[in-house]
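> build the 3D model from these lines:
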Amino acid sequence: MRHDRLVLILLWRELVAGLRAMRRRDLASIALGGGGLLAYAIADVVVALHAAAPKLRNDQLLWMLGLPLVLAVLGALAGNAVSGLCLRRAFAPFLKALPLAAGRRRRLAGEATLVLAGPLVLLVALSVGFACAVIGKPLAPTWGLSAAILFALGFGTAALWRLRRRPRLLLDEEARAVAPVGRPWLRRLDRARPSWLSSWAWNLPAGHIRPSWKLAAAGLLLALAAILGAWASLAGRSAAPAAIAGLAGGILVFMLSLRCQPLGSPVLRTAPIGFVRVWLRLVRLPLQLSLAFFLLPAGAALAAEPSAWSVPVASGLWLLVLNGAYAVFGAYFLNAPFVAMLSFAGALAYASYETLEYGRTVLIGLAALVFFLWHRTRQRYRNG
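Okay, here's the model as predicted:
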């Protein structure tokens, strides 16, 4: 057929174009530096597995419940992300002129999702099998195969559910074709110059927030987490639970609400507006939402243990630092907020692990990484 493998071709061309747009020294630094870090991380994991091998081999709850559940959840998340990536290519606006029905586009996206699933399933099988071999678990290849099957089941279930739904891109176009739904709640918060920037990043028409079950579910879960953290502190007369809940929930709200796509707009980059001003303007509204969430658990922590006022204050300061660091990651990974979240979480987890061994000097490396990403993002905004 004439349009077979269309989505795969688009993804491949995007990858090649992205690699060609990078300078050779950047590619070399990524390959050499990333390869070295990967080898070091694998060696660290092997040492940790060797140290905990007797406990891991005999933990039946881990092998019967914990590992299958984690693999299924990871597979579902990966399936949802990969299928969404393929659907966005299949229903791209510049492909509207092609004589392809919606069902045919879904099938093309499904074929691309299936092809991309292969390397991920193989990676899971090799990783679990290798970990079992390191700790001396009997039948390591069988465990690797079982892990691949569980991951594939989660991946396939989420991908099928996403592919069978009506594409969100079409729904968004229909919603923009009619009058905006909802009240302009962001009018006062999003009118600072350059005005309506956050609404532009979120695809909201003039600040009108469209109600949806996803927005309601996210709000309900975050409110429940804040209430549980506050209740734990008030019941135990300790400031720590609420402060931790406020910190974790605050950074999660910031990560979910930050969108930096306008930084890549040629119209905005050619306007007489500096990078720092635009970046701060994009960060402003997510930061307000993050601090608004943080106030309830912080107030409960202060009420539960007034003498420990330094705990919520320190949590608030750390929240600002983490929000600033993630804002740099979000701006660097311009159109891929999910990749930005994974990269930020991985960098934090790795830095936290290394601080146990080498102390807080590791944080200097994390700060250097954030500064490097900031410098590269600023250069890209100026030079394209």
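> contacts and neighbour counts: CA atoms only from here.
OK.
> as a quick check, tell me the outermost residue of this protein.
Going by CA atoms, centre = their mean, the residue of the chain most distant from its centre is Ser307, 36.6 Å out.
> tell me the contacts of that residue?
By CA atoms under 8 Å, 6 or more residues apart in numbering, no residues touch Ser307.
> local confidence estimate at it?
Each residue has a pLDDT score; the one for Ser307 is 86.
> mind checking how far it is from Ser290?
Using CA to CA, to the nearest Å, one obtains 25 Å as the distance from Ser307 to Ser290.
> where does Pro272 fall, phi/psi-wise?
With angles defined as degrees, to the nearest 10, Pro272 shows backbone torsions of phi -80, psi 60.
> gap between Leu139 and Ser307?
Look at Leu139 and Ser307: by CA to CA, they are 55 Å apart.
> go on, Phe294?
When distance is defined by CA to CA, Phe294 is 19 Å away from Ser307.
> over to Arg88?
From Arg88 over to Ser307 the distance is 53 Å, taken as CA to CA.
> please apply the same query to Leu11.
Using CA to CA, one obtains 56 Å as the distance from Leu11 to Ser307.
> could you do Leu123 as well?
Following CA to CA, the distance that separates Leu123 from Ser307 is 50 Å.
> the helices in the stretch 1-150 of the chain, which residues?
With DSSP state H, counting those that start in this stretch, the ranges of helices along the stretch 1-150 of the chain come out as 6-21, 24-51, 53-57, 60-61, 67-90, 102-135, 140-164.
> hey, what's the angle from the second one to helix 6-21? Just curious.
Which is helix 24-51. In terms of direction (axes from the mean of the first three to the mean of the last three CA atoms, to 10 degrees), helix 24-51 departs from helix 6-21 by 110 degrees.
> what's the local residue count around Thr355?
Counted with other CA atoms under 10 Å, the neighbours of Thr355 add up to 14.
> OK, contacts around it?
Contact partners of Thr355, counting by CA under 8 Å, 6+ apart, are Thr361, Val362, Leu363.
> quick one: buried ones out of those?
Val362 (16 or more other CA atoms under 10 Å).
> just the ones in helices from the contacts of Thr355, please.
Those of those mapping onto helices are Val362, Leu363, per DSSP state H.
> among the contacts of Thr355, which one sits closest to Ala271?
Minimum distance to Ala271 across these is 36.2 Å, recorded for Leu363 (CA to CA).
> ramachandran angles for Ser265?
Per degrees, to the nearest 10, the backbone of Ser265 is at phi -80, psi 130.
> relative to Ala300, how far out is it?
42 Å.
> more neighbours: these two, which one.
Between Ser265 and Ala300, Ala300 has the larger neighbour count (other CA under 10 Å), namely 27 against 12.
> my guess is the more buried one contacts Ala230, does it?
Yes - contact criterion CA atoms under 8 Å: Ala300 and Ala230 qualify, at 5.2 Å.
> pLDDT at Leu366, what is it?
At Leu366, the model reports a pLDDT of 87.
> and it, how many neighbours?
Counted with other CA under 10 Å, the neighbours of Leu366 add up to 16.
> low-confidence stretches in the stretch 101-250 of the chain?
Applying pLDDT under 70 to the stretch 101-250 of the chain flags the ranges 166-188, 205-208, 210-213.
> I'd assumed Ser310 was in contact with Leu302.
No - with the criterion set as CA under 8 Å, Leu302 and Ser310 do not qualify as a contacting pair; they are 9.0 Å apart.
> measure the residue farthest from the centre of the chain to Gly316 for me?
Note on Ser307: its distance to Gly316, by CA to CA, is 17 Å.
> try His50
Remark: distance between His50 and Gly316 (CA to CA) = 38 Å.
> of these two, who's got more company?
Each of His50 and Gly316 had its neighbours counted (other CA under 10 Å), and the higher figure belongs to Gly316 (20 against 15).
> quick one: what helix or strand has the closest residue in space to that one that isn't next to it in sequence in it?
Counting by CA to CA, 6 or more residues apart in numbering, Gly316 lies nearest to Leu247, which is 7.0 Å off, once chain neighbours are set aside. Element membership of Leu247 [criterion: DSSP states H and E] is helix 240-257.
> could you list the buried residues of the helix or strand just after that helix?
Toward the C-terminus, helix 240-257 is succeeded by helix 266-269 as the next helix or strand (DSSP H and E). By 16+ other CA under 10 Å, the buried positions in helix 266-269 come out as Leu268, Arg269.
> dump helix 266-269 to CSV, keeping only the CA atoms.
Extracted as CSV, the C-alpha positions of helix 266-269 are listed here (Å, rounded to 0.1, in the frame of the first residue of the first chain):
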residue,chain,number,x,y,z
PRO,A,266,9.4,31.3,15.8
VAL,A,267,6.9,34.1,16.3
LEU,A,268,7.9,34.5,20.0
ARG,A,269,11.6,34.0,19.4
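> what's in contact with that helix?
Contacts of helix 266-269 with the rest of the structure, by CA under 8 Å, 6+ apart, involve Pro262, Leu263, Tyr381, Arg382.
> same thing with stretch 70-83?
Stretch 70-83 is touched from outside by 109-110, 113, 116-117, 147, 150-159, 162-163, with contacts defined as CA under 8 Å, 6+ apart.
> got a quick PyMOL command for the buried subset of those residues?
The following PyMOL command selects only the buried members of the contacts of stretch 70-83, with burial defined by 16+ other CA under 10 Å:
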select buried, resi 109+110+113+116+117+147+150+151+152+153+154+155+156+158+159+162+163
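> all strands for the stretch 201-350 of the chain, in order.
Assigned by DSSP state E, counting those that start in this stretch, the stretch 201-350 of the chain shows no strands.
> which residues of it fall in helices?
Using DSSP H, counting those that start in this stretch, helices in the stretch 201-350 of the chain cover 213-236, 240-257, 266-269, 275-304, 310-332, 337-358.
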